[in-house]
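return a 3D structure for these sequence lines:
(2 chains)
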2 protein chains.
Amino acid sequence: MSIMEAKVIKGGGITSAQGFQAAGVACGIKPRGEKDMALIVSDVPAEVAGTFTTNVVKAAPVKVSMQHIRNGKVRGVIINSGCANACTGVGGISDAKEMIQHLANKSKTKPREWLVCSTGRIGSRLPMPQVRKGIEKSIAKLKADNGVEAAKAIMTTDTRRKEFAMRFKIGGRKVTIGGMAKGAGMIHPNMATMLCFITTDACIDKPALQSCVDDAVEHSFNRISVDGDTSTNDSVIVMANGKSGTNLLKSYHPQFGLFKKTLTHVMRKLARMIVEDGEGITRVVDVVVKGAARVQDAKAVALAVAKSELVKTAWTGGDPNWGRIMCAIGYSGARVREEMIEIYYDGLLAVVNGQPSKTPLVKLRKVVGKPKFTITIHLHLGVGEYSILTTDLTEEYVRINKGE
Amino acid sequence: MSIMEAKVIKGGGITSAQGFQAAGVACGIKPRGEKDMALIVSDVPAEVAGTFTTNVVKAAPVKVSMQHIRNGKVRGVIINSGCANACTGVGGISDAKEMIQHLANKSKTKPREWLVCSTGRIGSRLPMPQVRKGIEKSIAKLKADNGVEAAKAIMTTDTRRKEFAMRFKIGGRKVTIGGMAKGAGMIHPNMATMLCFITTDACIDKPALQSCVDDAVEHSFNRISVDGDTSTNDSVIVMANGKSGTNLLKSYHPQFGLFKKTLTHVMRKLARMIVEDGEGITRVVDVVVKGAARVQDAKAVALAVAKSELVKTAWTGGDPNWGRIMCAIGYSGARVREEMIEIYYDGLLAVVNGQPSKTPLVKLRKVVGKPKFTITIHLHLGVGEYSILTTDLTEEYVRINKGE
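Predicted coordinates:
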């Protein structure tokens, strides 16, 4: 992707945009004293747009935030890690509401101006005394250069924090889009235990912002897969507070496209960071499908390959094993013709007309030995395309997830 | 299942029924001199019915056998392990045809009377000189008590052979149904690298036989999942040679039900053996879904749970983690209401109204510690039911499948 006009802000994150503050504190939800609560606040009410998990079993904070996001402008988001507050029934809903209520009381704002997110293990109630203390502590620690602390506080099985920010100009004024994310497992299209928060000082109205967010999510977080599990808590929340002082962005402005492109780029970067931090992974693989009769077919093939346990374990072993890819293409449900299929490993032809190419196996093995590579599948039936970013499946993944 | 009228034949298999012979030999397809070719022959032409992989990428022998099975009666099946003859193009088709042609020449029969199956790695051509010698050797070794040798010869990653047979009476005459199967990975509904051969001396016509086979497969091999991958080579082939000497079985005969029930039972036993021999597994789990609004919803939930990497790795660690099951139910696409869901572990209530029950975790942990247990999910929305037999996902599975 080339966004000549937008520049990466080194070390940028959730507090890079003007008029945002953040905090990240430890309040005792996690057992070992790690940071487990983050607060993001805009100095002035901000437009907000979001996307939430498609899982029918939604965590309590997701239900509450989905309602509040419709209200209008917000002041910020309170987030805890270490407990998902999912499958917690009516009690969980009232805990999520109380988080917001307590925050509103202590910051002299209205509850309707706040969103709430949780991530962690499913099925436990939040320890509310600790949570209340954490909220007070977070308010006290709010600072305009505290992005790193907030990014740390939302981590669960993540091994590193995920932050990214870019800046561009509209009419001589600087506009910044920055964000942070968490996620390492339970990652699959339509969101996973994946939280992403983005702040911008752009001046944009709610419908335009929501349409940009929908589009950016479709091309970033909906195109990654680690283990095929879509979680109960996924949320992407974008706040725009207008502090850059530009004119209101409208969809017919030439700068609108730049804003959208940059937002998508920021989300794609954060999505890739999640995949690269996938639990126990040793390979990051772009699965690109071309030439499908329809886009849905390309998507079905990409998903089948990206989800196949056999394909993913072969990569772990550095084994090209395109036979397993052919097999996954065959059961994907997509319209395919075996004798038309071509498969490339980083551009090297492995399969042609559904049969092995003349490329020496040792060359293909070299590609699959690398930590990052691209599998391109050409179906030669039409112009439908789709791509997805996935990982291998390792013994370490099993070790991490087999629990206590 | 209670089939009072049918009895298990101890040590029974593919040659238990009257008028069938078999052989299992080593001919050099596998590198280390293991058995890699099996032949099953009926003394007289037999009615035949089959089910083949739904994968669009079908191996050459599958294509050839699907055609031959329509011809009418057959004499038997030639099977090789060590090479799947899949993704081998026109050359692969001609190899499969030559296997049959050579067998027909050497046994003075017609090619149209034979079926052919292959299993092993995808993408390599068969070593035809060895295959031809193997066919001759197989014919020479044919014997009426050679089931064990044949069952050994079709194994690939299997750690043990899979045989089962039952006998019942019709009008004072003994009727036998026996079979053998192979499969340990790439196992998923709609067939996997899963081969099953069944012989019976029942007297039954082709349409009745095919309908029994379809039904029995739906309730056996289509209800098991190890890794969610449906292979290119799956085949279930049932031959009935009428040697029991009973009257022709018609669907309105009371004994017809008994035949169908016994055939289903034999297939269910063989299917369970495949799951129990699943690559690297330590748990065999019945996932039973009840109370769905529609059967499709029950199936969607059962499949989502049985395929979830997170659910399966939790089992490996002996962790009940019903939260991951709730999560999988939620993204299954089925109609569910979180607050109506109940989950039982071997009858112990773990989740009620979508929230944790009062059952102590230590009790649930005891269940998940066992090598076999049942997860029952009650959706309380209707009467739709579905069940599936699955396994855990272990580090050993990854080790086995990560290839060279």
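
can you give me how far the helix or strand containing A:Thr264 is from the chain middle?
Under the criterion of DSSP states H and E, A:Thr264 resides in helix A:254-276. Distance of helix A:254-276 from its chain centroid, counting by CA atoms, centre = their mean, to the nearest Å, is 11 Å.

that one close to chain B?
No. Using CB under 8 Å from any CB of the partner chain, we find that helix A:254-276 stays clear of chain B, coming within 15.2 Å at best. Where you see a C-beta, it was placed from the backbone N, CA and C, and this is true even at glycine.

pull out the buried positions in that helix.
Within helix A:254-276, the residues scored as buried using 16 or more other CB atoms under 10 Å in any protein chain shown are A:255-256, A:258-276.

the helix or strand that that helix is followed by pairs with which strands, and in what direction?
Using DSSP H and E, the helix or strand that follows helix A:254-276 towards the C-terminus is strand A:284-292. If you go by DSSP bridges, strand A:284-292 pairs up with strand A:372-378 (parallel), strand A:384-391 (antiparallel).

with mean pLDDT, mean neighbour count and distance to B:Gln101 added, can I get the ones you listed in CSV?
Below are those laid out as CSV (pLDDT from 0 to 100; neighbours: other CB atoms under 10 Å in any protein chain shown; distance: least, CB to CB, whole Å):
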stretch, mean pLDDT, mean neighbour count, distance to B:Gln101
strand A:372-378, 98, 20, 35
strand A:384-391, 94, 23, 41
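
can you say which of these is nearest to B:Ser235?
Nearest to B:Ser235, of all the strands paired with strand A:284-292, is strand A:372-378, at 26.3 Å by CB to CB.

what's the angle between that closest one and helix A:254-276?
Taking axes from the mean of the first three to the mean of the last three CA atoms, to 10 degrees, one finds strand A:372-378 and helix A:254-276 inclined to each other by 110 degrees.

with just CA atoms, put strand A:372-378 into PDB.
What follows is strand A:372-378 as a C-alpha-only set of coordinates in PDB (Å, rounded to 0.1, in the frame of the first residue of the first chain):
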ATOM      1  CA  LYS A 372       6.900 -15.000   6.300                       C
ATOM      2  CA  PHE A 373       5.700 -16.100   2.900                       C
ATOM      3  CA  THR A 374       2.800 -15.800   0.500                       C
ATOM      4  CA  ILE A 375       0.800 -18.700  -1.000                       C
ATOM      5  CA  THR A 376      -1.000 -17.600  -4.100                       C
ATOM      6  CA  ILE A 377      -3.800 -19.800  -5.500                       C
ATOM      7  CA  HIS A 378      -5.000 -19.000  -9.000                       C
END
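
can you give the domain ranges for chain A?
Residue ranges for each domain of chain A read A:7-276, A:284-401, as given by automatic domain parsing.

and the first one, how far from the chain's centre?
Here the centre of domain A:7-276 is set off from its chain's centre by 10 Å, with CA atoms, centre = their mean.

average pLDDT for that domain?
Mean pLDDT, domain A:7-276: 92.

which strands and helices sit next to the strand or helix carrying A:Pro207?
Following DSSP H and E, one finds A:Pro207 within helix A:206-218. Judged by 3 or more CB pairs under 8 Å, 6 or more residues apart in numbering or on different chains; DSSP states H and E, helix A:206-218 is in contact with strand A:37-52, strand A:235-240, helix A:254-276.

just the buried positions in that helix, please.
Within helix A:206-218, judged by 16+ other CB under 10 Å, the buried ones are A:Ala208, A:Leu209, A:Gln210, A:Cys212, A:Val213, A:Ala216, A:Val217.

now render those residues as CSV, adding distance to A:Cys83.
Formatted as CSV, the buried residues of helix A:206-218 follow (distance: CB to CB, whole Å):
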residue, distance to A:Cys83
A:Ala208, 35
A:Leu209, 30
A:Gln210, 29
A:Cys212, 32
A:Val213, 27
A:Ala216, 29
A:Val217, 25
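
looking at these, which is nearest chain B?
Set against chain B, the nearest of those by CB to the nearest CB is A:Val217 (16.6 Å).

isn't the closest one right up against A:Thr51?
Yes. Taking contacts as CB atoms under 8 Å, A:Val217 lies within contact range of A:Thr51: 4.8 Å.

need the overlap of contacts for these two.
Listed as contacting both A:Val217 and A:Thr51 by CB atoms under 8 Å, 6 or more residues apart in numbering or on different chains are A:Val236.

near chain B, which residues of the stretch 201-350 of chain A?
Residues of the stretch 201-350 of chain A lying near chain B (CB under 8 Å from any CB): A:227-232, A:307-310, A:313-314, A:316-319, A:321-324, A:326-331, A:336, A:338-339.

now, which of the residues you listed lie within helices?
A:307, A:309-310, A:313-314, A:316, A:322-324, A:326-331 (DSSP state H).

most neighbours out of these, which is it?
If you count neighbours using other CB atoms under 10 Å in any protein chain shown, the busiest of these is A:Cys327, which has 33 neighbours.

so which bits of stretch A:388-402 are buried?
Buried-residue list, stretch A:388-402, by 16+ other CB under 10 Å: A:388-395, A:397-402.

of those, closest to chain B?
A:Lys402 (2.9 Å).

surely the closest one touches B:Ala314?
Yes. With contact defined as CB under 8 Å, A:Lys402 reaches B:Ala314; the gap is 6.5 Å.

ok, the residue lying farthest from the centre of chain A to chain B distance?
Farthest-out residue of chain A from its mean C-alpha position, per CA atoms, centre = their mean: A:Lys358, at 39.2 Å. Separation of A:Lys358 from chain B (CB to the nearest CB, to the nearest Å): 13 Å.

what is the three-state secondary structure of the nearest residue in space to A:Leu270 that is not next to it in sequence?
Counting by CB to CB, 6 or more residues apart in numbering or on different chains, the nearest residue to A:Leu270 once its immediate chain neighbours are dropped is A:Ala181, at 4.1 Å. What DSSP: H, G, I helix; E, B strand; the rest coil gives for A:Ala181 is strand.

now A:Ala181: how far from A:Ser211?
21 Å (CB to CB, to the nearest Å).

for stretch A:357-371, output the C-alpha coordinates as CSV.
Taking C-alpha atoms only, stretch A:357-371 is exported to CSV below (Å, rounded to 0.1, in the frame of the first residue of the first chain):
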residue,chain,number,x,y,z
SER,A,357,5.2,-28.3,-11.4
LYS,A,358,8.8,-28.8,-12.3
THR,A,359,10.0,-26.5,-9.5
PRO,A,360,12.4,-28.5,-7.4
LEU,A,361,11.0,-29.4,-4.0
VAL,A,362,14.1,-28.0,-2.3
LYS,A,363,13.2,-24.5,-3.6
LEU,A,364,9.6,-24.7,-2.3
ARG,A,365,11.0,-26.0,1.0
LYS,A,366,13.2,-22.9,1.3
VAL,A,367,10.1,-20.7,1.0
VAL,A,368,8.2,-22.6,3.6
GLY,A,369,11.2,-22.4,5.9
LYS,A,370,10.9,-18.6,6.1
PRO,A,371,9.0,-16.9,8.9
